[in-house]
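Colleague: generate coordinates for the sequence data below:
(2 chains)
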Amino acid sequence: MVAEFLPVELPRRGVRITFALPFVAAVAVFIGGFTALLVDLLATTFVSLLLGRGLPKVREAKWIAANAAISSISAALAGFVSTSPLLKPGAPEIAAILYVAAYAAVNLLLVAYIEWVLTDRAWSENTSAMSGTALLGFALYSAVALLVVVMIREQLFVPLPLTLLPVWALRTGLSYRSRMDRIYYETISALSQMLQRAHPYTHGHLERVSRTAEEVAFRLGLSARRARLVREAAVLHDIGKIAVNEEVLDKPGKLTAEELTHVRLHASFGATILEPVRTFAPIVPWVRHHHERPDGAGYPSGLPDMEIPIESKIIAVVDAFDAMIGDENGTARAYRQPMSEADALNELERCAGTQFDAEVVRAFREVVTR
Amino acid sequence: MSAFSIAVLLLAALGTAGLLVYIKFWLPRAVEERTLESLRAFGKAIELRFPSHQGLTEQVLQLSMEVATALKLSPHERHLLEFAVHLRDIGLCAIPYSLVNGRSWEDWSAAEQTTYDRHAEISGAMLEMVPSLKQIAEIVRHHHMRHEDFPKLVEGKFFTPPIQSEILNAVAAYVWIENHQGSVAARAAITAKTGTEIDPAVAEALLSVLSFARIEEPLRRAVV
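Modeller: Numbers count the residues shown, from 1 in each chain, chains lettered A, B, ... in the order given. Below is the predicted model of the structure:
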């Protein structure tokens, strides 16, 4: 119960991780799977009742019911696996580890399924985003479960509460990790707010570009993790425009050569702003090169096609399309009249192979016309 | 007790000790580093937009921390001040580019000065929207306050800005004038503003830190 009371919430996912599993596994091994199921169900429901206070009534009831259902299904299947007749009798350590493995796997799949249903997030994204934490958790839960089983078998009941120490350490470690993730997302959000303050037209544009860029990345077969990074890079791709004169950027009509050079600096400015943050390391080159062209006439480096990251190519296409069609009110930037979606798609295809990557344009068309 | 049980218990003890070291020493430092990296990114964005602000943050940071120590602020209060120093000017992103670049602040009209002065309010509003930075929003919002305007009656209660705002106000003014007109003029300005724009206790601490620095570190390049 104590372990259950110390959940850690994963940022932006609303998923809480609790720590009672190693102790439930010990109950399953020494008393029985059904008792373990009851213990787990009671602990989960009781703690959900206390932690769920403050939610609206209907949401609270659904939340408690979902937690109870997940816990029961996981415990029932884990109990079934750990008491399998294939297991050698008298090996409680192996049974405990099997129980933890089965419980963790079923729990992870059920949570990923619920997220998939509720948030429309890709199934693969849900499982991959949680698998790192889940694997680490599984390793540590198994170790603690093994320790609890050994201590009970050796009748070391007095020091048994000491097993809460590694659980507490794991909980503290996860909560630090969660804080680091929160800092990462809040940095993205604060930087994008800064850009929107400097250039109000970016409001809405960044959100649309990032959402579509992620879908195009998926369509091109990038992994869920990489597609998520593309989405984050797309939010920040124009961050360098903070350092660009808004009068030049919004100027109607043709820019002078000097003004054009000034505007073009935004790609490398963006990379310079993001560079101090180590967690942005993968996306810095994508931001720097999002105005490179397959024909080598892009900026800032004039990279040849082969050297332009695919992620930069995705951002380039989605960004250009969104700039051409304007925002949801049909208004575009000061220097250009908004186009229809069909015209903008035709324009992208006309420039495929020179200004934009042809494969990315094809995937983009599939995403926006499906 | 079997050899296996002894091995498990020993490994558990060692593993727990390792975990404790990891969470006690490594992780807090990692969180701190991540936060500082983010702060540097915000600072870099403002410095790129307004190159005349280049290097100011480092100077304000060093001097603010010395004043905070002189005023015996707690480690937590100093920590918040450090964050506020880095983030105090993020609202400058909403100030017109051409107002600051290529023009001297001495040529600004009253309306332009008012526009520029809004950056503290904007910075505060932006920080208010970031949960982990919310606690420094109040410090940042008042970092160009006038000491004599407070306490103010706000919603039936007297409000006084945090001491960190008073420190930032005095130090930022000193560093700005010092960079444009030299340290003698900056000290004279601080003395002249004491009691009206600047908190007398903070002004005293600042001038004492500067005098001490002059004796102990005549080549204290970051500030003088």
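Colleague: and A:Ser312, how many residues sit next to it?
Modeller: 26 (other C-beta atoms under 10 Å in any protein chain shown). Just so you know, the C-beta spots here come from the backbone N, C-alpha and C atoms, and that holds for glycine as well.
Colleague: got the contact list for it?
Modeller: Listed by C-beta atoms under 8 Å, 6 or more residues apart in numbering or on different chains, the contact set of A:Ser312 reads A:Pro285, A:Trp286, A:Val287, A:Arg288, A:His289, A:His290, A:Glu292.
Colleague: let me see the mean pLDDT of the longest helix along chain A.
Modeller: Criterion DSSP state H: the longest helix present in chain A is helix A:164-198. For helix A:164-198, mean pLDDT is 86.
Colleague: so among the contacts of A:Ser312, which ones count as buried?
Modeller: A:Trp286, A:Val287, A:Arg288, A:His289, A:His290, A:Glu292 (16 or more other C-beta atoms under 10 Å in any protein chain shown).
Colleague: of these, which is the nearest to chain B?
Modeller: Minimum distance to chain B across the buried ones among the contacts of A:Ser312 is 12.1 Å, recorded for A:Val287 (C-beta to the nearest C-beta).
Colleague: helix or strand for the closest one, which one?
Modeller: If you go by DSSP states H and E, A:Val287 is part of helix A:284-288.
Colleague: show me what that helix is packed up against.
Modeller: helix A:224-236, helix A:257-274, helix A:310-325 (3 or more C-beta pairs under 8 Å, 6 or more residues apart in numbering or on different chains; DSSP states H and E).
Colleague: next SSE after the last one?
Modeller: On the C-terminal side of helix A:310-325, the closest following helix or strand by DSSP H and E is helix A:341-350.
Colleague: rewinding a little: can I get the helix holding A:Val287 as PDB, trimmed to CA atoms?
Modeller: Output of helix A:284-288 as PDB, limited to C-alpha atoms (Å, rounded to 0.1, in the frame of the first residue of the first chain):
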ATOM      1  CA  VAL A 284      19.700  21.100 -34.400                       C
ATOM      2  CA  PRO A 285      20.900  20.000 -37.800                       C
ATOM      3  CA  TRP A 286      17.300  19.500 -39.000                       C
ATOM      4  CA  VAL A 287      16.500  23.100 -38.000                       C
ATOM      5  CA  ARG A 288      19.700  24.400 -39.500                       C
END
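Colleague: how distant is that helix from the center of its chain?
Modeller: Centre-to-centre, helix A:284-288 and its host chain are 20 Å apart (C-alpha atoms, centre = their mean, to the nearest Å).
Colleague: which residues touch that helix?
Modeller: A:230, A:233, A:236-237, A:239-240, A:267-268, A:270-271, A:274-275, A:300-301, A:309, A:311-312, A:315.
Colleague: so what pLDDT did A:Val29 get?
Modeller: The per-residue pLDDT reported for A:Val29 equals 85.
Colleague: pLDDT of stretch B:48-65, averaged?
Modeller: Mean predicted lDDT for stretch B:48-65 stands at 90.
Colleague: now that stretch: buried residues?
Modeller: B:48-50, B:53, B:56-57, B:59-65.
Colleague: dump the residues you listed to a markdown table, plus distance to B:Leu9.
Modeller: Formatted as a markdown table, the buried residues of stretch B:48-65 follow (distance: C-beta to C-beta, whole Å):
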| residue | distance to B:Leu9 |
| --- | --- |
| B:Leu48 | 57 |
| B:Arg49 | 59 |
| B:Phe50 | 61 |
| B:His53 | 59 |
| B:Leu56 | 57 |
| B:Thr57 | 52 |
| B:Gln59 | 56 |
| B:Val60 | 54 |
| B:Leu61 | 49 |
| B:Gln62 | 51 |
| B:Leu63 | 54 |
| B:Ser64 | 51 |
| B:Met65 | 47 |
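Colleague: which element is A:Leu136 on?
Modeller: Secondary structure from DSSP H and E places A:Leu136 in helix A:123-153.
Colleague: returning to what we had before: select only the buried ones of the contacts of helix A:284-288 in ChimeraX?
Modeller: To isolate the buried ones among the contacts of helix A:284-288 in ChimeraX, judged by 16+ other C-beta under 10 Å, type:
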select /A:230,233,236,237,239,240,267,268,270,271,274,275,300,309,311,312,315
